[in-house]
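J.: sequence below, structure please.
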Amino acid sequence: MGIKKFKAITPGTRWAEISDFSEITKDYPEKSLIAPLRKTGGRNNYGRITSWQRGGGHKQMYRIIDFKRDKLDVAAKVIAIEYDPNRSSRIALLEYPDKQRSYIIAPLGLGVGEEIISTKGSNVEIKVGNCMPLKYIPLGTPVHNIELSAGNGAQIVRSAGSSAQIMAKEGEFAHMRIPSGEVRLINLDCRAVIGQVGNVEHEALSLGKAGRSRWLGRRPNVRGSAMNPIDHPHGGGEGKAGQGNPHPVTPWGMPTKGYKTRKKKKYSERFIVKHRK
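T.: Residues are numbered from 1 along each chain as shown. Coordinates of the predicted model:
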């Protein structure tokens, strides 16, 4: 895992810093573990855009990831580390003794040929890639792929380079510090995977050119202050004018840039010990 820089023979390579993909050991995905991925272009079922600046992009197949790790107490062998175009992390291909194969998110330090296991008990060692309930994981251990409800599969801490830490255990809950800085209560029966998610250099990459953003399905984003008054509340003015509003707003006049939209009576509020801000 490293960052590849280029000699600037074209404008597009002058600022580009991309992964060298040195950890990838397999060029093509497992055919039994892929599914078609239909693009929405940011539109909902009414055909209206709900996520702006989306569209185009390279055609991709979805890799079916085993977030539940519900094949218990059976050791699986890592047979490949692969690239996944749908996420920032790498994925690892596992093979069980009965020849069943599955994908998991590849933790940092997991290599081809190693054996990992998933369990609901305490009968496995604290080793990178092993999956077990939080009640059996020592305090301070970095973990990822954490369940929010026991048996529902991993829902948080899944992106490249991320990890959470068990701060304390009290009653039936663990105090987890997640990457955003939030401290959250999670049931001790929920399972997590030991270690940090791999591909930690992901946040240091530089796309280098607009075309690479288009390959990823990201369309251009125009500043409101560069628009006309009819198109955006920040638009208009003589010369290079500021936004002119008491606070930054969206094209429809709603406050933005730091404006808190989380509902104070949200059902999960009682599980948050310390907010991220």
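J.: please enumerate the helices of the stretch 101-250 of the chain.
T.: 210-215 (DSSP state H, counting those that start in this stretch).
J.: so residue 231 touches residue 225, yeah?
T.: No. The pair residue 231 / residue 225 is not scored as a contact, 11.0 Å apart, by C-beta atoms under 8 Å. C-beta here means a position set from N, CA and C on the backbone, and glycine is covered the same way.
J.: got phi/psi on residue 268?
T.: Main-chain torsions, residue 268, degrees, to the nearest 10: phi -90, psi 0.
J.: now do the same contact list for residue 211.
T.: Neighbouring residues of residue 211 by C-beta atoms under 8 Å, 6 or more residues apart in numbering: residue 12.
J.: ditto for the one 10 residues further on
T.: By C-beta under 8 Å, 6+ apart, the contact list for residue 221 reads 52-53.
J.: and the nearest residue to residue 243 once chain neighbours are set aside, what's its pLDDT?
T.: The shortest distance from residue 243 to any non-neighbouring residue, by C-beta to C-beta, 6 or more residues apart in numbering, is to residue 234 (4.1 Å). You'll see residue 234 listed with a pLDDT of 94.
J.: any idea how far residue 234 lies from residue 12?
T.: As judged by C-beta to C-beta, to the nearest Å, residue 234 and residue 12 stand 31 Å apart.
J.: residue 238 too?
T.: 35 Å.
J.: what residues are up against the residue nearest to residue 83 when sequence neighbours are not counted?
T.: Counting by C-beta to C-beta, 6+ apart, residue 24 is the residue found nearest to residue 83 once chain neighbours are left out, at 5.4 Å. By C-beta under 8 Å, 6+ apart, the contact list for residue 24 reads 81-83, 90.
J.: may I ask which of these has the most neighbours?
T.: If you count neighbours using other C-beta atoms under 10 Å, the busiest of these is residue 90, which has 24 neighbours.
J.: pLDDT score for that residue?
T.: At residue 90, pLDDT is 97.
J.: what of residue 10?
T.: 93.
J.: next, count neighbours for it.
T.: 11.
J.: for it, phi and psi?
T.: Per degrees, to the nearest 10, the backbone of residue 10 is at phi -140, psi 160.
J.: list the contacts of it.
T.: Here residue 10 is in contact with no residues (criterion: C-beta under 8 Å, 6+ apart).
J.: how about the most centrally placed residue in the chain, nearest residue that isn't a chain neighbour?
T.: Most central in the chain under C-alpha atoms, centre = their mean is residue 159, positioned 2.8 Å from the mean C-alpha point. If the residues on either side of it in the chain are set aside, residue 159 comes closest to residue 88, at 5.1 Å by C-beta to C-beta, 6+ apart.
J.: that concludes my questions; thank you for your assistance.
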